[in-house]
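A.B. asks: pasted the sequence and its predicted model underneath.
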Amino acid sequence: MCEFKVLLEGRLVAEDIIYAREEGSQVVLRSVIGSEKRIDGCRIVEVDTLRERLVLARSG
């Protein structure tokens, strides 16, 4: 299974993420164990399955 590391402004903000969705100005992340994290004021800019990383950027 592909589990992502999530980066925001070059910083690791989450690991073992299997689900991501933009919801307004938030990104909702869900881990392999089912825990949910919401990150405000950002959007998804890159999904790289080969490197198992998901890159976020600040909105606006």
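C.D. replies: Cool, got the structure.
A.B. asks: the longest strand seen in the chain: how far from the chain's middle?
C.D. replies: Looking across the chain with DSSP state E, the single longest strand is strand 11-23. Relative to its chain's centre, strand 11-23 lies at 2 Å (Cα atoms, centre = their mean, to the nearest Å).
A.B. asks: mind listing what's buried in that strand?
C.D. replies: 13, 14, 16, 17, 20 (16 or more other Cβ atoms under 10 Å). Yep, even glycine has a C-beta here, placed from its N, CA and C like the rest.
A.B. asks: and which of these is nearest residue 57?
C.D. replies: Minimum distance to residue 57 across the buried residues of strand 11-23 is 12.0 Å, recorded for residue 13 (Cβ to Cβ).
A.B. asks: quick one: contacts for the closest residue to the closest one other than its chain neighbours?
C.D. replies: Distance criterion Cβ to Cβ, 6 or more residues apart in numbering; nearest residue to residue 13, sequence neighbours excluded, is residue 6 at 5.2 Å. Listed by Cβ atoms under 8 Å, 6 or more residues apart in numbering, the contact partners of residue 6 are 12, 13, 14, 15, 17, 20, 29, 53, 54, 55, 56.
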